[in-house]
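In: Pasting the sequence and the predicted coordinates here, then a few questions.
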Amino acid sequence: MLTSRSTKESFFTGASTIIPVMPGIVPFGMLTGVVTIAAGISPLKAIFMTLFMFAGAAQVSVAQLMTENSSAIIIIATAIMINLRFVMYSASITPYLGSLNLWQRLYLSYTLSDQAYAVSIVEFTRKDSPYQKLPFFFGACTSLYVTWMASTISGIFFGSLIPPQWSFDFAVPLTFLALLVPNITDRPTALAATVAALTAILTVSLPYNMGLMIGAFAGIFAGYFASKRKELYHE
Amino acid sequence: MSNSTFWIVISVIGIATIIMRGSFILTADRFKLNTKFAGILKFIPASVLAALVAPAIVYHEGMVSALHGKERILAGIIALLIAYKTRNIFFTILSGMGTLYLIQYFL
């Protein structure tokens, strides 16, 4: 194919598509490092946390739940719930990738991220895209991964210098708020968020932070029920 | 949280996340996502994030007099409006923190 770009060019184009989303990644990554330290986690543990998890919202929520003395089960369940969206990304992107060897599969299973998925799926669904899909995706995943690690680790070292009276702990719910809003795409998702928020507020005094799970399930149930009703009316 | 619990929690989450990310990449398209399951997955981010945010903003330092102790609710509402308008993490955090500092400074 004469119009197709080289593997190297596809990789670097994929890597550079991350640049426009960096203003959203770098401060968020630094903040994730900062709040992990603010939660009383040691710098060394915080570095392992970011290496093992590589997931912004889940990392921040784990740090927050650790300060609230939540049980291990609640912390694990919350992180898994927040990261379940990756199943959707995985299902959506795999058909474009062609044949992969085991190492490529493992690498992508570790580095797949919201942004790498988002920029790649846009490129892959373009009809006239000249780039090779697999190298493009590798580039996007890799550059986002490196940016995230550099941001969180600098936050981890910078974080211990921040005095508590700066109320930096408030940045945690604000971060979730910023992540929540783009997930509200229609009435059923708005209903899900509202029901989840109100239920979590009402059940806050339950032990082990169970109110979080009850709120989340109430929201999911409400949203799913509303979307089923909507389908019935439209069909 | 004890040392050993910390490492168990982090390892379990790490492995679970790789399994979720790899669910289709590793199995190479051998099965299709059940539409009913996909319909439920769609509501997870909004619900979990809302359930995390709401109590953290509402219950900080309890409810005292008119505004005192409720600064974070006001700052949260401002941040929510900014998040809705800009869809930008950075501006959302900036507006929320800025509002909190302003209220604390003037009260």
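Out: Yes, it's here.

In: And for the worst-scoring helix or strand of chain B on mean pLDDT, what's in contact with it?
Out: Lowest mean confidence among the helices and strands of chain B (mean pLDDT, DSSP states H and E): helix B:35-41, at a mean of 82. With CB atoms under 8 Å, 6 or more residues apart in numbering or on different chains as the contact definition, helix B:35-41 has outside contacts at A:84, A:85, A:87, A:88, A:91, A:220, A:224, A:227. To be clear about C-beta, it is placed using only N, CA and C from the backbone, and glycine gets the same treatment.

In: Can you tell me which of the residues you listed has the lowest confidence score?
Out: On pLDDT alone, residue A:88 ranks lowest of the contacts of helix B:35-41, at 80.

In: Show me where chain A has its helices.
Out: A:7-16, A:22-38, A:43-53, A:56-67, A:72-83, A:85-93, A:102-111, A:114-124, A:133-159, A:171-180, A:187-202, A:210-234 (DSSP state H).

In: could you dump these to JSON lines with mean neighbour count and distance to residue B:42?
Out: Formatted as JSON lines, the helices of chain A follow (neighbours: other CB atoms under 10 Å in any protein chain shown; distance: least, CB to CB, whole Å):
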{"stretch": "helix A:7-16", "mean neighbour count": "18", "distance to residue B:42": "27"}
{"stretch": "helix A:22-38", "mean neighbour count": "22", "distance to residue B:42": "22"}
{"stretch": "helix A:43-53", "mean neighbour count": "19", "distance to residue B:42": "23"}
{"stretch": "helix A:56-67", "mean neighbour count": "23", "distance to residue B:42": "16"}
{"stretch": "helix A:72-83", "mean neighbour count": "21", "distance to residue B:42": "13"}
{"stretch": "helix A:85-93", "mean neighbour count": "21", "distance to residue B:42": "8"}
{"stretch": "helix A:102-111", "mean neighbour count": "16", "distance to residue B:42": "22"}
{"stretch": "helix A:114-124", "mean neighbour count": "19", "distance to residue B:42": "15"}
{"stretch": "helix A:133-159", "mean neighbour count": "21", "distance to residue B:42": "23"}
{"stretch": "helix A:171-180", "mean neighbour count": "26", "distance to residue B:42": "14"}
{"stretch": "helix A:187-202", "mean neighbour count": "22", "distance to residue B:42": "7"}
{"stretch": "helix A:210-234", "mean neighbour count": "18", "distance to residue B:42": "8"}
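
In: right, so of these, which gets closest to residue B:17?
Out: helix A:72-83 (4.9 Å; CB to CB).

In: and that closest one, what other elements does it pack with?
Out: Contact here means 3 or more CB pairs under 8 Å, 6 or more residues apart in numbering or on different chains; DSSP states H and E; on that basis helix A:72-83 packs against helix A:56-67, helix A:210-234, helix B:3-25, helix B:44-58.

In: Isn't residue A:116 up against residue A:140?
Out: Yes - counting by CB atoms under 8 Å, residue A:116 sits close enough to residue A:140 to count as a contact (4.1 Å).
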